[in-house]
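**Q** one predicted model, sequence on top.
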Amino acid sequence: MARAGGEASSWMVADELKLRGIGEPVLVYEPASGVREHQVSS
């Protein structure tokens, strides 16, 4: 998320997982509510 720039505001933390072999919990992200899907102009 630190490298996502402006895109980071479109995502929110959904969960925190403990994964085998990784010392710290890993955050799981999902689209933030109210974020519109990219619309293609015709």
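**A** Received, thanks. It should be emphasised that the depicted structure is a prediction, and the values quoted were computed from it without experimental measurement.
**Q** Ala32: neighbour count?
**A** A count of nearby residues for Ala32, using other C-beta atoms under 10 Å, gives 13. Just so you know, the C-beta spots here come from the backbone N, C-alpha and C atoms, and that holds for glycine as well.
**Q** can you tell me the SS state at the most centrally placed residue in the chain?
**A** Geometric centre of the chain, nearest residue: Tyr29, 3.3 Å, by C-alpha atoms, centre = their mean. Here Tyr29 is strand, with the state taken from DSSP: H, G, I helix; E, B strand; the rest coil.
**Q** in contact with it, which residues?
**A** Met1, Trp11, Met12, Val13, Ala14 (C-beta atoms under 8 Å, 6 or more residues apart in numbering).
**Q** please tell me I have it right and the second one contacts Glu30.
**A** Yes: the criterion here is C-beta atoms under 8 Å, and Trp11 meets it with Glu30 at 6.9 Å.
**Q** tell me which of these two has more neighbours.
**A** Trp11 (14 against 11).
**Q** excluding sequence neighbours, find me the nearest residue to the more buried one.
**A** Leaving out its chain neighbours, the residue that sits closest to Trp11 by C-beta to C-beta, 6 or more residues apart in numbering is Tyr29, at 4.4 Å.
**Q** now the helices for this structure?
**A** Under the criterion DSSP state H, the chain contains no helices.
**Q** where does this protein have low pLDDT?
**A** Residue ranges of the chain with pLDDT under 70: 34-42.
**Q** that older thread, quick check on the contacts of Tyr29: which are buried?
**A** Buried residues within these, counting neighbours by 16 or more other C-beta atoms under 10 Å: none.
**Q** now those residues in TSV, with distance to Arg20?
**A** Formatted as TSV, the contacts of Tyr29 follow (distance: C-beta to C-beta, whole Å):
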residue	distance to Arg20
Met1	23
Trp11	25
Met12	25
Val13	21
Ala14	20
